[in-house]
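*Asks:* Using only what follows, build the 3D model:
(one chain, ligands or ions: 1)
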Amino acid sequence: MRGPHVRQIQNYACHCLNLKSYFRQPGDGRLHPRIPARDLVWAIVAGHILRLPSFLRLEWLAHSPVRAELGIHNKFGDDALAYCTARMDPETTRVALAAALHQAKRNKAFDNSRFIGLALDGTGAGHTHREPCSLCDPVKDAKGEVHGHLHHFVLISVVGVGGLTLPVDVEPYGPGDSEYAAAQRLLRRAVHHLGPRFADYVVGDGEYATAPFLHTSGEVALPVVARLKENLPLLAAAVRARFDGQPPQAVFQEGDDRVEVWDYDHFDSWETLNWPEVRVLRYRQHKRDGTVVQAEWLTDFSIAKLGSLSFYRRAKSRWEIENRGFNDGKNRYGMEHICHHEPTSILIIWLLILLALVIERLYRLRYLHRGEHGIRSAIDLVTYLWLTLGSRSPPDSG
Ligand SMILES: [Zn+2]
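*Replies:* The predicted structure follows:
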């Protein structure tokens, strides 16, 4: 059978996304490695593309007759995966992720869209009742009783580029740290790795609409689009005073939805924010089924640079990190699963899941899309990969 094959994806990652040297040297910190990190790291990435999220299942794959077809040279056990991932330098994988996204940009993967957004959001994963690690945050009920632990992190992702949501990096935050501090570290590092002209804006939910985060975005020279909620009561009240009872300034038809907007750029800044004034957009989105969604968003984009409809679209691009970041990552790619309960290993696995997502999406939506395979959905691709893995046909080099 011809068609998509794991080895084709490996070729694509190594040559089209320029990841060959990363897979050779993925930041292995072991002193006397018996199994090359190249085999272990590629096995984890390929395994997540094949939706095998546990080390035991990867061990099974490495001992199966299709090992060579997967591009893995040596057999290994789950203990080798645990030992290696706990000793890898996360910086090497982070730099590789950013470089792959840069290469995708050079390969014109984002050409159908003029503006690249970076969305940030925090979540928790890997609920466990085991002995806590340094990243373990206790899960408490209303009475303060502890029911196991969760591992929290902030994710940053490329959004707003025509349905291609590509994760960039994660920053964990354990007890004593905060989502808010982690998000600022993450944004600084991601922009440092991606370079100053890679993205055009940052988008985040209401918890990012506070002065220190907005100042961090300013430091890295990116305009922000952030949800306005009641954590800014004075601004929220000024917005109600100006917009309530007024007819919308414009009405757009956006797909099936009718969208009414109110847009004003001279609201007073609040005392800790160093912006001269604040622009706020209110939208009321009328869906076909009759539901109405209303929300307010703030920005430092001027009206001359960003019209109301584009402002609305950038605000909406935030949902991509929820749907194609966390939901896909957790439900399809094993982000909920802790392979080895050790902080560095947990972080490395998260980063390798991001890398698997980036490779899979670019291969499926930008590379296969050009051919006649007609494979567009992730589930179609993973089914094909399993079928072609057992077929022993020489992979088409593409
Ligand atoms: Zn833990």
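*Asks:* ok, which stretches of the stretch 201-350 of the chain are helices?
*Replies:* 211-219, 233-243, 308-316, 319-320, 328-331, 343-362 (DSSP state H, counting those that start in this stretch).
*Asks:* what residue ranges in the protein are flagged as low confidence?
*Replies:* Within the chain, the segments meeting pLDDT under 70 span 1-3, 112-113, 370-375, 392-398.
*Asks:* how about the strands in this structure?
*Replies:* 117-128, 136-140, 146-159, 166-172, 201-204, 224-227, 250-254, 257-268, 277-286, 292-299 (DSSP state E).
*Asks:* nearest to the ion, of those?
*Replies:* Closest of those to the ion is strand 136-140, at 3.4 Å (criterion: Cβ to the ion). Bear in mind the C-beta positions are built from the backbone N, C-alpha and C, glycine included.
*Asks:* Apart from its neighbours in sequence, what residue is nearest H149?
*Replies:* Residue nearest to H149 in three dimensions, not counting chain neighbours: C136, with 3.7 Å by Cβ to Cβ, 6 or more residues apart in numbering.
*Asks:* is the one you found in a bridge, and if so with what?
*Replies:* Beta-bridge partners for C136, by DSSP bridges, are H151.
*Asks:* residues near it, how many?
*Replies:* Neighbourhood size, C136 [other Cβ atoms under 10 Å]: 21.
*Asks:* Taking the centroid of this structure, which residue is nearest it?
*Replies:* Central residue of the chain (Cα atoms, centre = their mean): P167, 2.8 Å from the mean position.
*Asks:* Please list all residues in contact with the nearest residue to it once chain neighbours are set aside.
*Replies:* Nearest residue to P167 in three dimensions, chain neighbours excluded: L354, at 4.2 Å (Cβ to Cβ, 6+ apart). The contact partners of L354, by Cβ atoms under 8 Å, 6 or more residues apart in numbering, come to 97, 167-170, 329.
*Asks:* likewise Q10?
*Replies:* Contacts for Q10 (Cβ under 8 Å, 6+ apart) come out as 42, 46, 71.
*Asks:* how close does the last one sit to the ion?
*Replies:* It stands for G71. Note on G71: its distance to the ion, by Cβ to the ion, to the nearest Å, is 31 Å.
*Asks:* I figured that residue hits V6, correct?
*Replies:* Yes. G71 is in contact with V6 according to Cβ atoms under 8 Å; the separation is 6.7 Å.
*Asks:* Give the residues shared as contacts by the two.
*Replies:* Residues touching both G71 and V6 (Cβ under 8 Å, 6+ apart) are A46.
*Asks:* Can I get stretch 285-294 in PDB? Just the C-alpha atoms.
*Replies:* Output of stretch 285-294 as PDB, limited to C-alpha atoms (Å, rounded to 0.1, in the frame of the first residue of the first chain):
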ATOM      1  CA  GLN A 285     -22.600  37.400  18.300                       C
ATOM      2  CA  HIS A 286     -26.000  36.100  17.200                       C
ATOM      3  CA  LYS A 287     -25.700  32.400  16.200                       C
ATOM      4  CA  ARG A 288     -28.000  30.700  13.900                       C
ATOM      5  CA  ASP A 289     -29.500  28.600  16.600                       C
ATOM      6  CA  GLY A 290     -30.600  31.800  18.400                       C
ATOM      7  CA  THR A 291     -27.900  31.800  21.100                       C
ATOM      8  CA  VAL A 292     -26.300  35.200  21.700                       C
ATOM      9  CA  VAL A 293     -22.700  35.600  23.000                       C
ATOM     10  CA  GLN A 294     -21.600  39.000  24.300                       C
END
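*Asks:* ok, and for it, which residues are buried?
*Replies:* 285-286 (16 or more other Cβ atoms under 10 Å).
*Asks:* which residues touch the residue of the chain most remote from its centre?
*Replies:* The C-alpha centroid of the chain is most remote from G245, which lies 38.7 Å away (Cα atoms, centre = their mean). By Cβ under 8 Å, 6+ apart, G245 lies in contact with nothing.
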